[in-house]
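Visitor: Provided below are the primary sequence and the corresponding predicted coordinates.
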Amino acid sequence: AKVSAVVDPLAVDVTLVPEAARDRIDPRAAGPFLLSARDRARLRKAADTYAACMGRTGQATRVTVSDTGRPLVTTLTQVGGREPTPMPRPAPTEAPTVMGVCDATVFSTPTRTEKAALRQLNLLVGRCLKDKGRSAERGSVGLDLTWVPQGRQQAPPVAESDQVISSCVVAARREQLDPYVAPAAYLYIGSPSEGTGQRIPLPSIAGAALLVLVLTVGVSVMAARRLVRPVNALTQAARRMRDGDSSARVTVRTTGEISELATAFNEMSEHLQRMEEQRKAMVSDVSHELRTPLSNLRGWLEAAQDGVAELDPALIASLVEETLLLQHIVDDLQELALADAGKLRLHVEPVHLGDLLNQVTTAHRGRAEAAGLTLTAAVTGDP
């Protein structure tokens, strides 16, 4: 019922014909500007002669043929050892003459058919300008199909172009070329059954729709399961860790953000497991350090209570020493708690390294002797 596309040589799609971006007219539509075979041969010979003359002067050129059959000479420039690159091509009527030797007027002058076509085109442009109240405009359309104001030898820059004049030139060209091109073709898209009056059965449409729906649901379910499986694994591992299993790990074979999340979870689990092991080891060490002085205190106090031992000054001094040891252990635990909370204050003081080394060797000398080793520390100077 509706036209899907229009194929018109006087209003082409510029995405398909980029060279028609200026006026949307197919450049192959030459119309009355199409040259005869005799004029083509004569102008091509003159263009080749001009190009050869330019070559003898050291200027590289290239000869091409437009859709109307008119030869165009493009000036090339060469920098260093690179290939020549085309320079902006002058209008055919303004090809330069080099030192009065290379004459371009022979092939750049309009032929009889081109002059007649230009007269007709300028009449159409003048009529359009008159209808739009611009009859005072003075100028004409040249062989390059651009408007040249009177008194100028070439078309004005784009910044100076008038939209009314440009629209009139395009409208005049379309009116002039209309008898020479095929009419616009309208493209309609439909089904073969529309022409025969047949209709597609409703059950067939319903079956096709149901098949598409089933395939869509199946693909969606498979994709969802593939995405949800690693998320479920992460959830189960997190619940195991909540229940106290610090060895919970996740194995994810996918890539992307979920894989990075699983890797981060495994690293966190390993870190928590190490922290838990260190905590258990510290609790065991602290309980061992506390058990010895408490056992000594309890034993001596029970002995004094039973009358086995007397609380003489020596025993009281020993009990006080054990109490000071307990106080030292409690102070160490308090410092560890402050360090974990980030509230520990440090007082930095210089330490004699000889004393520090003696403390270390004294602490480990018993284990060294048990292993048959002799552990000594030698310090020279004043470190």
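Guide: Perfect, thanks for sending it.

Visitor: any idea how far the residue nearest to Ser166 when sequence neighbours are not counted is from Leu10?
Guide: With Cβ to Cβ, 6 or more residues apart in numbering as the criterion, Ser166 has its nearest non-adjacent residue at 7.2 Å, and that residue is Trp147. In short, each C-beta sits where N, CA and C put it, glycine included. Note on Trp147: its distance to Leu10, by Cβ to Cβ, to the nearest Å, is 19 Å.

Visitor: with Leu118 instead?
Guide: From Leu118 across to Leu10, the span is 19 Å (Cβ to Cβ).

Visitor: tell me which stretches of the stretch 1-150 of the chain form helices.
Guide: 37-56, 105-108, 112-131 (DSSP state H, counting those that start in this stretch).

Visitor: present the ones you listed as TSV; the columns should include mean neighbour count.
Guide: Below are these laid out as TSV (neighbours: other Cβ atoms under 10 Å):
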stretch	mean neighbour count
helix 37-56	16
helix 105-108	18
helix 112-131	16
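
Visitor: which residues touch Val286?
Guide: 329, 333 (Cβ atoms under 8 Å, 6 or more residues apart in numbering).

Visitor: within the helices and strands, which one has it?
Guide: Assigned by DSSP states H and E, Val286 belongs to helix 257-305.

Visitor: pull the number of nearby residues for the nearest residue to Ser4 once chain neighbours are set aside.
Guide: Leaving out its chain neighbours, the residue that sits closest to Ser4 by Cβ to Cβ, 6+ apart is Ile189, at 4.5 Å. Counted with other Cβ atoms under 10 Å, the neighbours of Ile189 add up to 8.

Visitor: isn't Ile189 up against Val3?
Guide: No: checked against Cβ atoms under 8 Å, the pair Ile189 and Val3 is beyond contact range at 9.4 Å.

Visitor: as a whole number, average confidence for stretch 297-307?
Guide: Average pLDDT, stretch 297-307: 84.

Visitor: by mean pLDDT, flag the weakest helix or strand of the protein.
Guide: Every helix and strand in the chain was compared by mean pLDDT, DSSP states H and E; the lowest is strand 85-86, with a mean of 46.

Visitor: pLDDT weak spots in this structure?
Guide: 77-101, 151-161, 192-199, 254 (pLDDT under 70).

Visitor: ok, the residue most central in space within it to Val228 distance?
Guide: By Cα atoms, centre = their mean, the mean C-alpha position of the chain lies nearest to Gly256, the distance being 17.5 Å. Noted for Gly256: a distance of 14 Å to Val228, by Cβ to Cβ.

Visitor: over to Asp67?
Guide: Distance from Asp67 to Val228, by Cβ to Cβ: 63 Å.

Visitor: repeat that for Gly354.
Guide: Gly354 is 65 Å from Val228, by Cβ to Cβ.

Visitor: more neighbours: which of the two?
Guide: Set Gly354 next to Val228 and count neighbours by other Cβ under 10 Å: Gly354 wins out with 15 against 11.

Visitor: re the thing from before, tabulate the helices of the stretch 1-150 of the chain (TSV), appending distance to Gly218.
Guide: Putting the helices of the stretch 1-150 of the chain into TSV (distance: least, Cβ to Cβ, whole Å) gives the following:
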stretch	distance to Gly218
helix 37-56	66
helix 105-108	71
helix 112-131	64
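
Visitor: for the ones you listed, which one sits closest to Asp382?
Guide: helix 37-56 (94.5 Å; Cβ to Cβ).

Visitor: and after the helix holding Val286, which helix or strand comes next?
Guide: Going down the chain from helix 257-305, the next helix or strand is helix 313-341, by DSSP H and E.

Visitor: neighbouring contacts of the very next helix or strand once past that following helix?
Guide: Sequence order places helix 353-370 as the next helix or strand after helix 313-341, per DSSP H and E. Here helix 353-370 makes contact (Cβ under 8 Å, 6+ apart) with 374-377, 379, 383.

Visitor: and those, which is closest to Ser166?
Guide: Nearest to Ser166 among the contacts of helix 353-370, counting by Cβ to Cβ, is Pro383 at 93.5 Å.

Visitor: the closest residue to the closest one other than its chain neighbours: neighbour count?
Guide: Distances taken as Cβ to Cβ, 6+ apart put Leu353 closest to Pro383, at 4.0 Å, once the chain neighbours are dropped. Leu353 has 13 neighbours, counted by other Cβ under 10 Å.

Visitor: about what we covered before: with respect to Ser246, which of the contacts of helix 353-370 is nearest?
Guide: For the contacts of helix 353-370, the nearest to Ser246 is Leu375 (37.1 Å; Cβ to Cβ).

Visitor: understood, closing this out.
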